[in-house]
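# model this:
(one chain, ligands or ions: 1)
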Amino acid sequence: MMRVIVTGGAGFIGSHLVDRLLDEGHSLVVVDNFDAFYGRAIKESNLARAIANSNCRLVELDIRDTAGVRALVSEFHPEAIVHLAARAGVRPSIESPELYNDVNVTGTVVWLESACRLRPLPRFVYASSSSVYGDRHDAPFRETDSVDLPISPYAASKKACELYAHVFHHLHGLPVTGLRFFTAYGPRNRPDLAIAKFTRLIDRGEPVPMFGDGSTRRDYTFVADIVNGIVRAIENCRGHHLYNLGNSDPVVLHQLITAIGHALGKTPIINQLPAQPGDVQQTYADITRAATELGYAPRTPLAEGLAAYVDWYRAHPSLRQ
Ligand SMILES: NC(=O)c1ccc[n+]([C@@H]2O[C@H](COP(=O)([O-])OP(=O)(O)OC[C@H]3O[C@@H](n4cnc5c(N)ncnc54)[C@H](O)[C@@H]3O)[C@@H](O)[C@H]2O)c1
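This next block holds a predicted model:
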């Protein structure tokens with residue numbers, strides 16, 4: 001039993017983590033400002049089960065509100081902080097680099113600094129991203145690889161979070177673990193992500209925009225597998241660590257579109273468009289470190305994960321954007 005704060009707990013990955021931690025009997029504060037990146041109704045639905053649990057309190061707060069964050073941590077005294085709140089998404093970060101820097105970097109510094117004021121120091125687990133690896137042609141990606149060449153403001157902001165996490169660990173001894181998620185998908189999927197968009201379009205019989213020649217590949221990772229990894233990371237959070245949380249089984253875009261069509265029982269119509277700036281050619285996690293040190297073991301094949309997503313999609317027609 002631990003007192004845990006989850007920032008971004010109303011979001012896609014965060015709300016699954018919140019449900020899991022409540023099932024394990026932990027006492028939670030969810031911090032989220034219901035940022036306008038996508039609809040509030042989706043986030044309220046994500047949290048519906050959690051809010052009904054007396055072990056869960058929702059605090060609507062901007063992660064950059066230093067005074068509000070300090071007051072909250074000194075009152076609740078968390079034993080662990082899982083910091084997932086961020087502006088996510090590569091392409092929109094190119095339009096709004098200052099906003100991404102402000103929310104993702106300043107917001108993370110506010111939480112790291114506030115955490116360091118507590119005694120005993122809490123465990124601090126935070127979301128990084130596979131995008132820090134940049135536009136690589138060699139694979140799989142290992143945590144020991146250099147990550148000095150990001151190609152989007154979003155990726156640079158996540159790399160900056162990793163740098164600050166090390167700073168606060170070094171200066172204050174804060175136990176910190178960074179998790180590089182590789183394209184999470186599943187029920188409650190963020191509506192801007194490819195799997196959600198493609199599902200809507202194929203279901204309506206509309207053409208799917210395929211950027212590039214369809215050969216880009218992503219290491220799609222089912223959200224429950226990622227949540228297992230986060231829970232293991234909380235349990236093992238000491239010192240300073242970074243882990244890839246991926247599926248280690250990348251899927252080519254063309255194959256993904258076919259697999260979504262299969263899950264829906266419909267034939268996709270493809271509209272090929274030029275490749276998008278900021279998009280990398282591939283992501284592919286080497287998960288040896290997370291497997292060895294955390295016991296992380298993703299076990300959901302794509303077809304099974306897509307079937308679970310399509311079930312959720314069909315059960316929530318009002319949440320399709
Ligand atoms: N989904 C993925 O594939 C993926 C991959 C790599 C990294 N990540 C990272 O994982 C984390 C969770 O991603 P997600 O896909 O669940 O995104 P999400 O957008 O569904 O969740 C993020 C949550 O943070 C909240 N938030 C945003 N700005 C805030 C602010 N200023 N103050 C308080 N709350 C704020 C949002 O309202 C949202 O509920 C993010 O840090 C993201 O960058 C996600």
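# Downstream of the helix or strand where Q272 lies, the next helix or strand is which one?
Take DSSP states H and E as the rule and Q272 turns out to sit in strand 269-273. Once strand 269-273 ends, the next helix or strand along the chain (criterion: DSSP H and E) is helix 288-294.
# can you list contacts of the strand holding Q272?
The contact list for strand 269-273 (Cβ atoms under 8 Å, 6 or more residues apart in numbering) reads I202, G205, E206, P207, V208, P209, M210, F211, G212, D213, G214, I257. Heads up, the C-betas are built off the backbone N, CA and C, glycines and all.
# Check those against L294 and report the nearest one.
Distance to L294, by Cβ to Cβ, is smallest for I257 among the contacts of strand 269-273, at 32.4 Å.
# quick one: the closest one from V208, how far?
Distance, I257 to V208, by Cβ to Cβ, to the nearest Å: 6 Å.
# now swap in T199 and tell me
As judged by Cβ to Cβ, T199 and V208 stand 10 Å apart.
# circling back to that earlier point, identify the contacts common to I257 and V208.
F198, I202, P268, I270.
# Would you list the buried entries among those?
Buried residues within the shared contacts of I257 and V208, defined by neighbour count using 16 or more other Cβ atoms under 10 Å: F198, I202, P268, I270.
# With just CA atoms, put stretch 219-229 into CSV.
The C-alpha coordinates for stretch 219-229 follow below in CSV (Å, rounded to 0.1, in the frame of the first residue of the first chain):
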residue,chain,number,x,y,z
ASP,A,219,7.0,-0.9,-32.3
TYR,A,220,3.3,-0.8,-31.3
THR,A,221,3.0,-1.8,-27.6
PHE,A,222,-0.3,-2.8,-25.9
VAL,A,223,-1.2,-0.4,-23.1
ALA,A,224,-1.6,-3.1,-20.5
ASP,A,225,1.9,-4.3,-21.2
ILE,A,226,3.2,-0.8,-20.8
VAL,A,227,1.3,-0.4,-17.5
ASN,A,228,2.9,-3.7,-16.3
GLY,A,229,6.2,-2.1,-17.0
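# So for it, mean pLDDT?
Mean per-residue pLDDT for stretch 219-229: 98.
# For the ligand, tell me whether it is touching it.
No - using Cβ under 6 Å from any ligand atom, stretch 219-229 stays clear of the ligand, with a minimum separation of 7.6 Å.
# starting at the chain centroid, how far to that stretch?
9 Å (Cα atoms, centre = their mean, to the nearest Å).
# Now tell me what touches that stretch from outside.
Applying Cβ under 8 Å, 6+ apart, the contact partners of stretch 219-229 are 12-13, 16-17, 20, 130, 179, 181-189, 195, 243, 245-251, 256, 283-285, 290, 294, 296-300, 302, 304-305, 308.
# Can I have the buried ones of the residues you listed as a PyMOL selection?
Per 16+ other Cβ under 10 Å, the buried members of the contacts of stretch 219-229 correspond to this PyMOL selection:
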select buried, resi 12+13+16+17+130+179+181+182+183+184+185+186+187+188+189+195+243+245+246+247+248+250+251+256+283+284+285+290+294+296+298+300+302+305+308
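# Go ahead and name everything in contact with stretch 247-258.
Residues from elsewhere that reach stretch 247-258 (Cβ under 8 Å, 6+ apart): 139-140, 182, 194-195, 198, 202, 208, 210, 212, 214-222, 225, 259, 268, 270, 282-287, 298, 300, 302.
# and which of the contacts of strand 269-273 is nearest to C116?
F211 (41.9 Å).
# show me the contacts for that closest one.
L273, P274, A275, Q276, D279 are the contacts of F211 under Cβ under 8 Å, 6+ apart.
# Can you name the element that comes right after the lengthiest helix in the chain?
Longest helix in the chain by number of residues (criterion: DSSP state H): helix 153-172. Once the chain leaves helix 153-172, the next helix or strand it forms, by DSSP H and E, is strand 176-181.
# Output that next one in CSV with nothing but the alpha carbons.
Presented in CSV, the C-alpha positions along strand 176-181 are these (Å, rounded to 0.1, in the frame of the first residue of the first chain):
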residue,chain,number,x,y,z
VAL,A,176,14.3,8.5,-10.6
THR,A,177,13.3,6.1,-13.4
GLY,A,178,12.6,7.3,-16.9
LEU,A,179,10.5,5.1,-19.2
ARG,A,180,10.8,5.4,-23.0
PHE,A,181,7.4,4.2,-24.2
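# where does it sit relative to the chain's centre, distance-wise?
10 Å.
# Same question for stretch 248-257.
Centroid separation for stretch 248-257 versus its chain: 19 Å, with Cα atoms, centre = their mean.
# Quick check: mean pLDDT of that stretch?
96.
# Check stretch 156-172 too.
Model confidence over stretch 156-172, given as mean pLDDT, is 98.
# In it, which residues are buried?
With the criterion 16+ other Cβ under 10 Å, stretch 156-172 contains buried residues A156, S157, K158, K159, A160, C161, E162, Y164, A165, F168, H169.
# Roughly how far does W111 sit from the ligand?
Noted for W111: a distance of 10 Å to the ligand, by Cβ to the nearest ligand atom, to the nearest Å.
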